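Student: Predicted model, plus sequence, below.
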Amino acid sequence: MKFDILKHSLVPHHEILSEEEVEKLLKTYNIKKSDLPQMLDTDPVAKAIGAKEGDVVKIVRSSPTAGESVAYRLVVKREII
């Protein structure tokens, strides 16, 4: 029996953006991919949605004040030191 982390009430919606969506995001905010906050490819949600190094993930959270809060993360490979 496996637990589906994506169905937990405290885990917000995550989705991998397409290349077109990433380009639009970067152009809108005039940033580079490397300017985005990062999430490790070993993150349980990254694994669950199949995110790989270099992917940009959109995270949509419910917010009592804003209604909805959107954040973006760049998936990076975990470096072993």
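Tutor: Received it, and whenever you're ready, just let me know what you need. Residues are numbered from 1 along each chain as shown.
Student: Any idea what the residue nearest to I49 when sequence neighbours are not counted is bridged to?
Tutor: Excluding the flanking residues, the one nearest I49 by CB to CB, 6 or more residues apart in numbering is H14, at 5.5 Å. C-betas here are computed from N, CA, C, even on glycine. For H14, the beta-bridge partners are I59 (DSSP bridges).
Student: I figured H14 hits K58, correct?
Tutor: Yes. Between H14 and K58 a contact is recorded at 7.2 Å, counting by CB atoms under 8 Å.
Student: if I look at those two, which residues touch both of them?
Tutor: Among the neighbours of H14, none is also in contact with K58 (CB atoms under 8 Å, 6 or more residues apart in numbering).
Student: quick one: the residue nearest to I49 and L40, what's the gap?
Tutor: The gap separating H14 from L40 is 13 Å, by CB to CB, to the nearest Å.
Student: which one of these two has more residues nearby?
Tutor: Per other CB atoms under 10 Å, whichever of H14 and L40 has more neighbours is H14, with 20 against 16.
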